[in-house]
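A.B. asks: This is a predicted model, with the sequence first.
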Amino acid sequence: MHSYQINKHPSYDMLLNHAMGNTSEAESLIISCHIAYCPICKKEIEKYEEIGGYYLTNHEKLNVSKDLWKNILDKVEDLEQEHKQNNYLSHSIKSNLTNDVIKIPSFLTKYLEKMHNTDSWKSTINNVKYKDIKFKDSNFKGKLLEIPAGKMMPKHGHEAYEATLVLHGGYKDEKGEYNLGDLVVASSDEVHSPIADTNTGCLCLVVYSGEIQFKGLIGSILNLSKF
Ligand SMILES: [Zn+2]
């Protein structure tokens, strides 16, 4: 079994909303990926689903419209399919950070669009590589980021929402250190400057809504180049 310890988890609200199928595609993706590393949150979600199932089976006489009922069944089916994929880390990325391939949650595969080697990703300052991830709801965006050891991402704040999941190595910012499987949610008023772990670097998935506002000189260059 893995020797890593996960310290940062999604909030209970996020997990509950995820279990009920109320999260956006972007949030759903990052929570599903976190669960591939985290047995604690996996259990929590199963508990919520059991409760949901209990209410469904005990309120059969509720007058539910055909459409709503179909929606519920669709959601349940989606969740069942997700469960089959949970903890399934057989997909991988070839990265400059390590000679070994980096295992990734299977949920990520279709978003990679076959770009499993980070050499095929876009490059930006500090040799940071990234791959844009698109969601159906264009209010949400995502990036896979490969940050070399000890390199800094530009200081940035957010208009709305940002969540980061560590897929390899780790990083630190003003608030703490984050490692494999950690899911870090930043709120709109925070400004932070993450630095990749000095030994391992960091490969991470970031999803966000609104435009990321980079601060300072480097930030303004990146903003211009539409990072
Ligand atoms: Zn967790």
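C.D. replies: Right, received. Where do you want to start? Numbers count the residues shown, from 1 in each chain.
A.B. asks: What residues does the chain have near the ion?
C.D. replies: His9, Cys38, Ile40, Cys41 (Cβ under 5 Å from the ion). The C-beta positions use only the backbone N, C-alpha and C, and glycine is treated the same way.
A.B. asks: quick one: which of those is nearest Lys131?
C.D. replies: Cys38 (23.4 Å; Cβ to Cβ).
A.B. asks: confidence score at that closest one?
C.D. replies: Cys38 is assigned a predicted lDDT (pLDDT) of 95.
A.B. asks: which residue sits closest to it, ignoring its sequence neighbours?
C.D. replies: Ile6 (5.2 Å; Cβ to Cβ, 6 or more residues apart in numbering).
A.B. asks: any idea how far that neighbour lies from His34?
C.D. replies: 8 Å (Cβ to Cβ, to the nearest Å).
A.B. asks: who's more crowded, those two?
C.D. replies: When Ile6 and His34 are compared on other Cβ atoms under 10 Å, the one with more neighbours turns out to be His34, at 26 against 19.
A.B. asks: which is the next helix or strand following the host helix or strand of that one?
C.D. replies: Per DSSP states H and E: His34 is located in helix 25-37. Following helix 25-37 in sequence order, the next helix or strand is helix 39-58 (DSSP H and E).
A.B. asks: on contacts alone, who are the packing partners of that next one?
C.D. replies: For helix 39-58, the packing partners by 3 or more Cβ pairs under 8 Å, 6 or more residues apart in numbering; DSSP states H and E come out as helix 12-19, helix 25-37.
A.B. asks: Thanks a lot, catch you later.
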